[in-house]
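1. What follows is a predicted structure for the sequence shown.
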Amino acid sequence: MSELEFPKTLEVTEQTIDISGFTRKQKDFYLNLFWETVAFYTAAQKPRVAIGMAGPAGAGKSVVSMLFKTLAGRAGLPVAFESVTR
């Protein structure tokens, strides 16, 4: 698992979210989840895989989606992470 540079902020739903205060433990958690998600996609051997996240409003689902989208771009991966809301 390679080390990716974490962004200091994320733009989510027209808001700037400051994640510069994440601890090493928090970064490791999200990096592990990111690479597990990428592995799941790779193992599926399909051009498209949908993975859902559920939780109450304000739980951070969109933040995780944007973080993963940013990390995938920085890693040069051919995957897309999107947030769909209604």
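-> Received, thanks.

2. mean confidence score for the helix or strand hosting F29?
-> Element membership for F29, per DSSP states H and E: helix 24-44. Averaged over helix 24-44, pLDDT sits at 94.

3. list the helices and strands the very next helix or strand once past it packs on?
-> Counting by DSSP H and E, the element after helix 24-44 in chain order, helix or strand, is helix 61-75. Applying 3 or more C-beta pairs under 8 Å, 6 or more residues apart in numbering; DSSP states H and E, one finds that helix 61-75 makes contact with strand 9-12, helix 24-44. For the C-beta atoms, the positions are set from N, CA and C on the backbone; glycine is no exception.

4. Report the spatially nearest residue to the most centrally placed residue in the chain, omitting neighbours in sequence.
-> The residue lying closest to the centre of the chain (C-alpha atoms, centre = their mean) is F68, at 1.9 Å. Nearest non-adjacent residue to F68, counting by C-beta to C-beta, 6 or more residues apart in numbering: F81, 4.1 Å away.

5. my guess is the one you found contacts S65, does it?
-> Yes - using C-beta atoms under 8 Å, F81 is in contact with S65, at 5.3 Å.

6. Quick check, pLDDT for the nearest residue to A75 once chain neighbours are set aside.
-> Spatially, and ignoring its direct neighbours in sequence, A75 is nearest to L4 (5.8 Å; C-beta to C-beta, 6+ apart). Note on L4: pLDDT of 84.

7. what about L4, how many neighbours?
-> Neighbour count of L4, defined by other C-beta atoms under 10 Å: 17.

8. Surely it touches G73?
-> No - counting by C-beta under 8 Å, L4 stays clear of G73, with 9.9 Å between them.

9. Now the common contact residues for the two.
-> By C-beta atoms under 8 Å, 6 or more residues apart in numbering, L4 and G73 have no common neighbours.

10. Quickly note the distance from S65 to M53.
-> The gap separating S65 from M53 is 7 Å, by C-beta to C-beta, to the nearest Å.

11. Between the two, tell me which one has more neighbours.
-> S65 (19 against 11).
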